[in-house]
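[1] Model the following, please.
(one chain, ligands or ions: 1)
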Amino acid sequence: MTRLSVRLVSGSVCLFLATVSLVAQSPLGAPFVRNPAIAIDEDYTKKIKEYTTAPYFSSPLVDYLPASKTVPTPKAVLGDIAGAPGILPYSADVHRYMRMLEQAAPKRVKVVSIGSTEEGREMIAVAISSEANIAKLADNQGRLAKLADPRTINLDDAAAAQLINATTPVYYITGSIHAPETGAPTALMELAYRLTVDEHEYIKSIRDNLITLITPIVEVDGRDKMVDVYRWHRAHPDLNVPPLAYWGKYIAHDNNRDAMAVTLKLTENVLNAYLEWKPQVLHDLHESQPYLYDNTVGDGPYNAWIDPILADEWEMLGWQNVSEMTKFGMPGVFTHGDFDTWSPGYLMFVAALHNGISRLYETFGNGGADTVERTLRPEEYARQWYKQNPPLPKAMWSQRNNNNYEQTGVLVSLHYFAQNGPLFLRNFYLKSKRAIQKPRIEGPAAYVLPADDRRPGAQADLLRILQKQGVEISRATATFTVALPVKKPQPPRTTDGAPATGAESDAESPRAKPPAPASRTFAAGSYLVRMDQPYSRIADALLDYQYWSPNDPQKTPYDDTGWTFPELFNVEAVRVLDLKALDVPIEHVKTTIRVTGSTSGSGAATIIEHNGETGLATLRYRLKNASIAAAEEPFESAGRTFARGSFIVTNITVDEVSAAVREIGLKAVSVASVPTVKTHPVRAPRIAILHSWLSTQSEGWWRHAFDDAHVPYEYVSVQDVAAAADLKSRFDVIVFPPVGRSPEAVINGQPTDWGNPLPWKKTAETPNLGTEDQTEDMRPGLGFAGVTHLQQFARDGGLLITSMDTASLAVSAGLTPGVTIGSARNLKIVGSVVRSKVVDGASPIAYGYGDDLAIWCFNGPIFNLTNVVGAPGRRPLGPDIGTRPTGRGTLDDFDVPQGRDRVEAPEEPKAEAWQALPPTDDQLRTGINVIPPNARPRVILRYADNRSLLVSGLVEGGAEIAQHPAVVDVPVGKGHVVLFSNNPVWRGETEGSYFLVFNAILNFDNLNAGRTLDAK
Ligand SMILES: [Zn+2]
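    Numbers count the residues shown, from 1 in each chain. Here you go, the predicted model:
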């Protein structure tokens, strides 16, 4: 569209604008009324009516399409209208349409690329506003940047008020991060068209007073796969449809849980767009609820680090949205519901913790563009106090209905925001200012990450996440001392918050610890994350601890309850309230934080301390031809002590090893002679990462971590394992990350006794599928053949690594003699951070680790050990054994039968919760089922005692898992099965526990090193 044509259109309707404007801004809030003088696209409008299944599933805002002589409607790309049955455009088509809009109306529309994904697809943002606003985008951005960082105006409210008067707010909408939620792209194409051409005062006021920014598809990789699957469904309408096994290269639904660690490109791209454009809102569009749930008001508990102003804004926007749509007569619009706003992992939370407003719609979708009858559950259609016009129990539902709801909700929001721009800009400024004032209001003043952290690489990785989040990092240029808060003495408590009694008082009692020092001195070079900066809230939220009370009225946390990054990265971050931290002489760190490695000394052998850093695994695979040995005990060399597991590298030139060490960021010492400590070789084994076809997401985080560490692997499915009898000839280690399904489901797969094969492969029909892995039929699972092959693999000397449900599978399928799984009765650990203790530090799996590692846990499994195959775990059913029966004497006396010799009973065998009971003489005599000492499970880590189990999040009924084994190494034939009760590789947030996995891999053929065997 040219500028002239816009004027012509406006001119033709100017007489009527006054009337429309009066209606739209009536104090009674009369609904939008269409102005008959504004030309509409008759054909398009007719189709809107045709594809909308009932009049009340639409609104006056979207039941027509304004006409334009110069700007193409979505039909130009879709061949039909937005939301038409049977039509889902690929991401490239959606982007092509947005660029057609830009080309037709360059003065109102601007399209920018915001980056590409892991599979190389482009992501875009589309800015739409008036000619005047688009012409002065850069000036406006400059003013927004000042409001976003009030330090630039010395926190001067008067200066801010002037800026606010001159500034147009930005409202950022993101669509389709969840690939099977398919409606947003077409809704946003049509919305973009409306915002560009419609001359109704209602829309014009949005255009004049707001810059609308749109990313029509966040998960572009997943979108194209989803469109493939939908087209396959259209070509084979009578067949069952393959489920969407892969969305992005690594991650499916969890792509909307990545806003903390920013592991995925899509998160990074949206975050960068957010930091650049400084919008006041990030509004993310989803589909799962009938018919529109504006979920940020949701339910408690709210995230504890947001500015309370944000909670008020949620209420304002949510209720305004519901209220306006209620007046349109649209059923099923609500804003309270079961979503708690605790975890900051959602994409929209990029805004919540960067002084903006996070919003999320759940509209209703059919997972494709078919029009179908949808029957709801009673709890979905029931009238609630917050849902006075609930959804219909049963209704025909179309993608057009979805597009009507999404667009109506968004238009109502944009209009409200445009009418109240100064208010929201002022809130934006206030939130930014209060974030800068944080040290002097609620605190803390800063977090300090000490210069002498044992794990500088992990420290740098954590700091780099903060840098991605826009957080400023500085570095002390001199030694400094700050006061530390003195904690008031508290009575000992269990993890459930109850006062501890009797059995809870144990060896880990905090009472035994000396009082914490009142001050601490940090070396020059220590990092400071000062809280007197605009993005202090995200830093505080990531570095702080979380406590979710078991008594919270919210009984079903929506997502993880704990995430404390320093704990999960196994690095130290000290929370400092002392304002003196702000007077420390510093330099701002301007570059991306990375550790440059170094080598000192000279000689034929190079020693690298084992500190559990991922770089060690990178090094092993990088120096393929070098000999690397692991020390089985601590040793002295070059005037210092090296920890158990430290690498001794030989058979490589100093130059080669130095170059690798420098690049990877390790510290090495070259010495003239090889230390005399006992060692074994550290291999670079052949790894397989094993996935099911039921769900690939949890293993996707593992693949991502391995790729990030440059640790190569072959990616195989359970079907490959089922078909390959001799796995050991191909692999040394098989890593089987959690699937998120029961052992039976992983073994069975999906039913094959009925239905059709479900192909997942690249074909002409489905060109975007099969990039990760392919199969003719996704249904078959691991099968019993697969289980047998995995068992044979271990017997042949392979290592099978399992976690959570795959560990349960290994146990229940009988691959791990001596391990059983206890059933949880009251245990509730919902994505929490818990404490572990080292049981056997001589195991190679524990190399580089000290005590007290924090691990991520989701309800177990609860491992028990036994030395007798077939015997139950150590916790017998029924009353406690070992309590004395009724008889003579006191509680701690023996009963004495009368009239015969007195025979004292032998001591009952005792074992800790992480140990097996020693075999009895009777068991040893019958022998068959007693596991010989060298074949018994070896516990590496256990869960801490109940009192100290909770680090962050929710732990309820923790006594059921406290002290039980967390990481177990089970010898099987010539090989091993390693069981993790925790998930050591989770969402890019648990780098501190990665090396438990890498240790197992690198030492796969020497896992028995350092083992002490039971006497009998
Ligand atoms: Zn979703």
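[2] where's the helix or strand hosting V833 relative to the chain centroid, distance-wise?
    Using DSSP states H and E, V833 sits in strand 832-838. Taking the mean of its C-alpha atoms, strand 832-838 sits 19 Å from the chain's own mean (C-alpha atoms, centre = their mean, to the nearest Å).
[3] Downstream of that strand, the next helix or strand is which one?
    strand 854-857.
[4] Partner strands of that following strand, with direction?
    strand 832-838 (antiparallel) (DSSP bridges).
[5] Give me the residues contacting the strand it pairs with.
    With C-beta atoms under 8 Å, 6 or more residues apart in numbering as the test, strand 832-838 has contacts from 508, 546, 548, 560-564, 567-568, 846, 849-858, 940-944, 948-955, 958, 966-967, 982. C-betas here are computed from N, CA, C, even on glycine.
[6] Show me how to select, in ChimeraX, the buried members of these.
    The following ChimeraX line selects those of these that are buried, judged by 16 or more other C-beta atoms under 10 Å:
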select :508,546,548,560,561,562,563,564,567,568,846,849,853,854,855,856,857,858,940,941,942,943,944,948,949,950,951,952,953,954,955,958,966,967,982
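[7] Go through the contacts of strand 832-838 and flag which are in helices.
    567-568, 948-949 (DSSP state H).
[8] farthest-separated two in those residues?
    The span of those, defined through C-beta to C-beta, is set by L568 and S948 at 16.6 Å.
[9] picking that back up, list, out of the ones in helices among the contacts of strand 832-838, those positioned next to the ion.
    For the ion, no contacts are drawn from those by C-beta under 5 Å from the ion.
[10] Which member of the residues you listed is positioned nearest the ion?
    The ion lies nearest to L568 out of those, by C-beta to the ion, at 25.1 Å.
[11] how about the nearest residue to G665, chain neighbours excluded?
    Using C-beta to C-beta, 6 or more residues apart in numbering and skipping the chain neighbours, the partner closest in space to G665 is V595 (3.6 Å).
[12] Next: P180.
    P180 sits nearest to G367 (C-beta to C-beta, 6+ apart), 4.9 Å away.
[13] And the one you found, how close does it get to P378?
    22 Å (C-beta to C-beta, to the nearest Å).
[14] who's more crowded, those two?
    Counted by other C-beta atoms under 10 Å, G367 and P378 do not tie: G367 has more neighbours, with 20 against 7.
[15] Whatever residue of the stretch 901-1016 of the chain ends up closest to the ion: helix or strand, and which one exactly?
    Closest approach between the stretch 901-1016 of the chain and the ion, counting by C-beta to the ion: R987, at 16.5 Å. Using DSSP H and E, R987 falls within no helix or strand.
[16] Would you mind naming what in this protein lies close to the ion?
    Neighbours of the ion within the chain, by C-beta under 5 Å from the ion: 178, 181, 286.
[17] for the one residue in the stretch 201-350 of the chain that gets nearest to the ion, helix, strand, or coil?
    Using C-beta to the ion, the single residue of the stretch 201-350 of the chain nearest to the ion is H286, 3.3 Å away. With DSSP: H, G, I helix; E, B strand; the rest coil as the basis, the three-state label of H286 is strand.
[18] Look up which residues are beta-bridged to it.
    Beta bridges link H286 to E362 when assigned by DSSP bridges.
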